[in-house]
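In: Below: sequence and its predicted model.
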Number of protein chains: 2
Amino acid sequence: MTHRATVDFLLYDWLKADGLCARERHAEHNRETFTAVLDLSEQIATEQFAPINRLIDVHEPEFDGTTVTLPKETPVALQAFADAGLMAASKDAEVGGMQLPTVVEIASMSFFYKSSVGLAAYPMLTRGNANTILAHGTPKQIEVFAKGGLEGRTFGTMCLSEPQAGSSLSDIVTRAVPDVHGDGSGVAWQQDELGPRYRLTGNKMWISGGEHEMGENIVHLVLAKIPGPDGKLIPGVKGISLFIVPRKLVKADGTITGQRNDVALAGLNHKCGYRGTVNTLLNFGEGKFSVNGQAGAVGYLIGKEGEGLKCMFTLMNEARISVGLGATMLGYAGYEASLEYAKQRPQGRAMGAGGKDHSAPQIPIIEHTDVKRMLMMQKAVAEGGLALGLLCAQLVDDEYTGSLDERDNARLLLELLTPIAKSWPSEWAQEANSQAIQILGGYGYTRDFPVEQYWRDNRLNMIHEGTHGIQGLDLLGRKVVMNGGKALAVLAARISDTVTRAGQVDGLAEHANALAGALQKVGAATKAAWATGVPEEALANATPYLQAFGHTVMAWIWLELALAAKTAQAAGEWDKGPLGTGFLKGKLATADYFYAYELPKIDAWLGVVARRDLTCARAEADWF
Amino acid sequence: MTHRATVDFLLYDWLKADGLCARERHAEHNRETFTAVLDLSEQIATEQFAPINRLIDVHEPEFDGTTVTLPKETPVALQAFADAGLMAASKDAEVGGMQLPTVVEIASMSFFYKSSVGLAAYPMLTRGNANTILAHGTPKQIEVFAKGGLEGRTFGTMCLSEPQAGSSLSDIVTRAVPDVHGDGSGVAWQQDELGPRYRLTGNKMWISGGEHEMGENIVHLVLAKIPGPDGKLIPGVKGISLFIVPRKLVKADGTITGQRNDVALAGLNHKCGYRGTVNTLLNFGEGKFSVNGQAGAVGYLIGKEGEGLKCMFTLMNEARISVGLGATMLGYAGYEASLEYAKQRPQGRAMGAGGKDHSAPQIPIIEHTDVKRMLMMQKAVAEGGLALGLLCAQLVDDEYTGSLDERDNARLLLELLTPIAKSWPSEWAQEANSQAIQILGGYGYTRDFPVEQYWRDNRLNMIHEGTHGIQGLDLLGRKVVMNGGKALAVLAARISDTVTRAGQVDGLAEHANALAGALQKVGAATKAAWATGVPEEALANATPYLQAFGHTVMAWIWLELALAAKTAQAAGEWDKGPLGTGFLKGKLATADYFYAYELPKIDAWLGVVARRDLTCARAEADWF
């Protein structure tokens, strides 16, 4: 299996990630330290995560009315992750981090997502939670609430959705009122060292990691509205603030008291897949665990009042890229499983000039063209998706540690690519998993093989952290038009640069032309969609636009990878290595596959966008 | 919900199925008798099948080493089906049938597939089994082995695959040798009234309904090879014969002895979905239930020696169309569930000229264009797939009871459409189910709602009864080229006729042009694929060809339905009915949807076919 080698190819042959060590922040690092982290990550993932991935599917979390029980293997695996220091891999040394580049951290995560997305969700959420506190919290909040997560002692969640408000966050009704009654500490609500103290009341739905007995505490980040003087909630997202709500109460010095905060588990959600991650409905402030004789969950305002959604988007954007990478790595897992099967399963015979010779032995199914097509599709998604994830991670690095003149462009490009990084793998790695099942045939449909679980697990990814529809609206309604279209211009410039370089390379010129054509079509469709300036018309086909945009971005990535492969072929190192010449030939063939089989699909999607097709918009409820 | 109304629209407004009553075979019938059967079918399906569909998923079949246990509700529901006489709905009166047209029988089945595909599989298999015996068995075999199934007293299976041979049936190694030792009846093996008697030895995999305690008996139809004089099996499919192997031994007069035949359950397959249908690995002739002191399952040759696969294709072709209809109706079930949800779930607000008014109440999500797009896609698949299934059923009627000059064309068209009827719904109703999940969002991903089960159940359909890859090879490698391309010519003539008629109808002329263009492209790609006459090149992209062909056929069907809707609008009956004008408007809008969003996808698929793209064919195993 070539996942580890492909990570090296992407990091060094393509992204030149070792160059990041020239930046002051990463001066302690070099390719050897990166290698050590990646090797260790692969080892822990393979030895601790992968072996229990089916177990956590079969033994989903249980709630007996008091306690949530997870398989005993779950905390063991997560502890191994934390013990390796991976929770804070990219964080400052002063909070105990390794100061690795984000791109290396994300490369490390790829092994865990592939081995068990249901386990990897815990550190992913906890890390995002800590990052949000690092970005918006006071030093005290960081010390008390973020460090535990970074050290792997506590867990974190994000509490956004409510039963009546999923995609529509403006409709949340969880209330936060000043804790004038007091939490028993004797400290006035405004003067609490942990932040202005509120009491929260409301129900939060779909909360992953919302309740369990692992770690010392769970730190919830909760969106809620502070009522106005009239006691009413402010409509829209502007009324939303963000609060830190610990599961167990915490003193100002960080000591966890052991007393439960008024956060109660209302029930577990029983999902189709992704069962290893406990998913909950939480009741805040219902009085089950009243504090100082008063119902209401104690929470501390983080960031400014009314800026909750903005703060939460620190976590959300990170989560969206992580969701995309998780989807990709499920695709990768299915690719590896079906590749292994295809190499070993004999069935059928090669077609010869005179038909098939039935007395000849059967051939492994990897020799059948249609099986190779299904493997190619998966390879294109798995490796291309990983490349996209690493590119986004490197843009995070560039945004924070790049030269001053590249930071803005990195931020813009990252904002533009975020809906693609989230949606494209969610859709196509799901399809890749379906192809993996198909290669295994009847066996793939049984629970004796892992691919059906990957496929079930992956289905969540088009839903959580912003549905496909939301990503489309974000892309076409906001990202491509913001700053006068500057982000799109940045992407177009990068793509044009790739086109120019590839245009001069033997075997890639045709792809370069196709990519230039695709870019032109996307640009034209973007303009046409907005030609009337009417949002209902422009956005009527935001999802097909998202699909076409995604395929165009991936065509760009695959041409980039083909260029890197050509350069590497000229250098000859890979070809002399243990994987032989097949490794780079495979990259080039996959680029060919993408241009032959995938990129042409954009025309159908862009057609409806460009002519602002209103067939669906105009359909009435009683026509269905 | 409009399933029942849509069935009427398809049967009478489109297919003019009441005209079949003019044929002698159906002279006892009229629209009223059809209505009675369809109403009863809907009622039994709704009352007996649908309510236990989740239960049979949760309580999958169990095997304690001796007995297979199904939920006690399963035989109750199946008995209600049989008691209504539906097992033999289309069969001759002399075998207890109702002599209904096949198209009405299949319309009746649509309700059962929609309510519970896992239950409906039992009568589907039993009926196909009985039909095969009716087609190829002796009068005695029909009396003893087919009638029980048609009366709902016994169950039937088809035993083709083996652990080492799924798609490659030529590699089966189950052996059948003359039962010279005797089964204890004293009758010589050649003289057995039930047919030449053999003993079978081998393992059969993926056998649905292979073992349970329901009914009086299970009648297995088993493919096996009779060794040559040298004791060796003949390579290839020519050595395959078909055998009737009862689970319990049967006397020549039809009495079931109660003694077990030597067929033993080796294990149950634990599937991702479709769990209501018990799926087994059966050992034939291992000696667990030896007969007359001798290992070997007693089986009776049906049809001629060496013609087993030909006989089995009676069942297989029927099963393929049924698999497609099952997939379609899972799509229909998801469509109904997500439609109901979309009408009731409030979330978000309409976009106005000045943005959104957050103080306004939320709107039901069916008012969002992207949700309507997802419903339209599902409607196109569900209703279009049902139309395709009924068309195929009517072609069966025409093949057997049509005028002499239309029978040949009906048979050819049915043969050509069978891979489409099987594959297209399997692929797109699966995608439709995914859209249903998407509409329900997080709720759709939980087991509290039915859509995730539909999606899991549906994933089997691209695998069983011939994988997608096999259907593509059948279509491009055999069906479009057989008889000098006559079947394709028959289809082209039918499509051209539709194009001509639609070209004269206001609002449909553009679609007619698009369909004519699609037909031309499919024809050109077919020629281009075979231009070099090299099968490896022609068939390298058989699956994309299958996809493009399927979408073209469905575009034809949707234009046919649009024509029928236009005619019905002019007549005015539907518009005055309880569903109002929305019913026919919905059909027309769905045709518009298909031409705007779906048909344009064929270009990308046909591109690789037409240029005989060998990117995948040439990829080598070590490139992956």
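Out: Now that the structure is in, tell me what you want to look at.
In: How about the residues of the stretch 101-250 of chain A by chain B?
Out: A:161, A:164-168, A:170-171, A:205-206, A:235-237 (CB under 8 Å from any CB of the partner chain). In short, each C-beta sits where N, CA and C put it, glycine included.
In: now do 7 Å
Out: Residues of the stretch 101-250 of chain A found near chain B (CB under 7 Å from any CB of the partner chain) are A:166-168, A:170-171, A:206, A:235-236.
In: Now that we have those residues, which of them are buried?
Out: Listed as buried from those are A:166-168, A:170-171, A:206, A:236; burial here means 16 or more other CB atoms under 10 Å in any protein chain shown.
In: for those, which one is nearest chain B?
Out: The nearest member of those to chain B, counting by CB to the nearest CB, is A:G236 at 3.6 Å.
In: which of the buried ones among the residues of the stretch 101-250 of chain A next to chain B lies closest to B:T67?
Out: The closest of those to B:T67 turns out to be A:W206 (CB to CB; 41.7 Å).
In: Report the mean confidence score over stretch A:415-434.
Out: Averaging pLDDT along stretch A:415-434 gives 98.
In: of all the buried ones among the residues of the stretch 101-250 of chain A next to chain B, which two lie farthest apart?
Out: A:W206 and A:G236 (21.5 Å).
In: Enumerate every residue touching A:T157.
Out: Counting by CB atoms under 7 Å, 6 or more residues apart in numbering or on different chains, A:T157 touches A:125, A:129, A:207-210, A:218, A:220-221.
In: typed the wrong thing, it's A:T201
Out: Counting by CB under 7 Å, 6+ apart, A:T201 has contacts A:174-175, A:284-285, A:296.
In: Repeat that for A:N292.
Out: Residues near A:N292 by CB under 7 Å, 6+ apart: A:181-184.
In: and if we set it to 10 Å?
Out: Each residue near A:N292 by CB atoms under 10 Å, 6 or more residues apart in numbering or on different chains is listed here: A:179, A:181-185, A:249, A:259, A:298.
In: Find the residue closest to it in space, skipping its chain neighbours.
Out: Closest residue to A:N292 apart from its sequence neighbours, by CB to CB, 6 or more residues apart in numbering or on different chains: A:G184 at 3.8 Å.
In: To which secondary structure element type does whichever residue of the stretch 301-450 of chain A sits closest to chain B belong?
Out: As assessed by CB to the nearest CB, chain B sits closest to A:H358 within the stretch 301-450 of chain A, at 3.6 Å. Under DSSP: H, G, I helix; E, B strand; the rest coil, the three-state class of A:H358 is coil.
In: And for it, the neighbour number?
Out: 16 (other CB atoms under 10 Å in any protein chain shown).
In: And it, how far from B:T102?
Out: For A:H358, the distance to B:T102 equals 35 Å [CB to CB, to the nearest Å].
In: buried residues in stretch A:69-88?
Out: So stretch A:69-88, judged by 16+ other CB under 10 Å, has buried residues A:70-71, A:73-75, A:77-78, A:80-82, A:84-88.
In: Out of those residues, which two sit at the greatest distance?
Out: A:P71 and A:A88 (25.9 Å).
In: How is chain A partitioned into domains?
Out: A:3-150, A:156-305, A:467-624 (automatic domain parsing).
In: among the ones you listed, which is nearest B:G331?
Out: Closest to B:G331 of those is domain A:467-624 (CB to CB; 13.9 Å).
In: Spell out the residue ranges of the strands in the stretch 101-250 of chain A.
Out: Counting by DSSP state E, counting those that start in this stretch, the segments of the stretch 101-250 of chain A that form strands are A:155-159, A:175-178, A:197-208, A:218-225, A:240-246, A:248-250.
In: out of those strands, nearest to B:S115?
Out: strand A:197-208 (29.8 Å).
In: and that closest one, how far out from the chain's middle?
Out: What separates the centre of strand A:197-208 from the centre of its chain is 23 Å, taken as CA atoms, centre = their mean, to the nearest Å.
In: pLDDT of that strand, averaged?
Out: Mean per-residue pLDDT for strand A:197-208: 98.
In: partners of it, with directions?
Out: Strand A:197-208 pairs in its sheet with strand A:175-178 (antiparallel), strand A:279-284 (antiparallel), strand A:297-302 (antiparallel), by DSSP bridges.
In: how about the CA coordinates for that strand, as PDB?
Out: Once non-C-alpha atoms are left out, strand A:197-208 reads as follows in PDB (Å, rounded to 0.1, in the frame of the first residue of the first chain):
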ATOM      1  CA  ARG A 197     -20.700  34.100  33.700                       C
ATOM      2  CA  TYR A 198     -24.000  33.200  32.200                       C
ATOM      3  CA  ARG A 199     -26.700  30.500  32.700                       C
ATOM      4  CA  LEU A 200     -27.700  28.700  29.600                       C
ATOM      5  CA  THR A 201     -31.000  27.000  28.800                       C
ATOM      6  CA  GLY A 202     -31.800  25.100  25.700                       C
ATOM      7  CA  ASN A 203     -31.500  21.900  23.700                       C
ATOM      8  CA  LYS A 204     -28.500  21.100  21.400                       C
ATOM      9  CA  MET A 205     -28.800  18.300  18.800                       C
ATOM     10  CA  TRP A 206     -26.300  16.200  16.900                       C
ATOM     11  CA  ILE A 207     -23.500  16.900  19.400                       C
ATOM     12  CA  SER A 208     -20.600  14.500  18.700                       C
END
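In: how close does A:I240 get to A:K204?
Out: On the measure of CB to CB, A:I240 and A:K204 end up 13 Å apart.
In: More neighbours: these two, which one.
Out: A:K204 (29 against 26).
In: beta partners for the nearest residue to the more buried one once chain neighbours are set aside?
Out: Once flanking residues are discounted, A:K204 sits nearest to A:C159: 4.2 Å by CB to CB, 6+ apart. Here A:C159 shows beta-bridge partners A:V222, assigned using DSSP bridges.
In: What count of nearby residues applies to A:C159?
Out: 29.
In: Surely it touches A:W206?
Out: Yes - counting by CB atoms under 10 Å, A:W206 is a contact partner of A:C159 at 9.1 Å.
In: so, if you compare the buried ones among the residues of the stretch 101-250 of chain A next to chain B, which one comes nearest to B:T66?
Out: Among those, and counting by CB to CB, the member closest to B:T66 is A:W206, at 44.1 Å.
In: dump the residue contacts of that closest one.
Out: By CB under 10 Å, 6+ apart, the residues touching A:W206 are A:158-163, A:166, A:269, A:271, A:279-282, A:460, A:463-464, B:441-443, B:445-446.
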